[in-house]
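Asks: give me a model of this one.
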Amino acid sequence: MTDSRIFNRPHQVIAKSLDISAKRHNLISSNIANMDTIGYEPSDLDFEKTLKRAMGDREPDYMDKTHVKHLSPYGPDAFSMNGDNSEEVDIYHLDSVNIDTEMLNLMENNIKYKTTTELLLRKMTMLNYSIDEGGK
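Replies: Now for the predicted structure:
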């Protein structure tokens, strides 16, 4: 992704969106899996805030890295999953995870993931069409 004329900012946003959706899916699945665990506090991450934080400032295209974590503008905590509780929880009861809320979050995340995947597919289709010189 070093040539910004082909893989530009929208491509980076799509890639980060897919990463964040996958991480959020794992977090919601963990909430559902632990719904019978006493004292478990469900957590979630805010998709929009996490995406804004991950996209932050662009990395310069002219710098080489010797390690993946070197010179990163967002650092290792860009995709931190330490979010707020998805709702107020009474830790002394087994019903600390509301299955309806978690399933709603899972459905919302699934729709975002599918939409982002469709955007990526259309972007690649346009690129393929350009490479084929407009279908000649």
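Asks: please identify the buried residues of the least confident helix or strand in the chain by mean pLDDT?
Replies: In the chain, the helix or strand scored least confidently by mean pLDDT, DSSP states H and E is helix 47-55, which has a mean of 84. The neighbour-count criterion (16 or more other C-beta atoms under 10 Å) identifies F47, T50, L51, R53, A54, M55 as the buried residues of helix 47-55. Just so you know, the C-beta spots here come from the backbone N, C-alpha and C atoms, and that holds for glycine as well.
Asks: ok, D44 touching I28?
Replies: Yes - with contact defined as C-beta atoms under 8 Å, D44 counts as touching I28 (6.9 Å).
Asks: how close does H11 sit to M126?
Replies: 11 Å (C-beta to C-beta, to the nearest Å).
Asks: ok, A22 next?
Replies: Separation of A22 from M126 (C-beta to C-beta): 24 Å.
Asks: ok, those two, which is more surrounded?
Replies: A22 (13 against 10; other C-beta atoms under 10 Å).
Asks: which residues touch that one?
Replies: Neighbouring residues of A22 by C-beta atoms under 8 Å, 6 or more residues apart in numbering: Y113.
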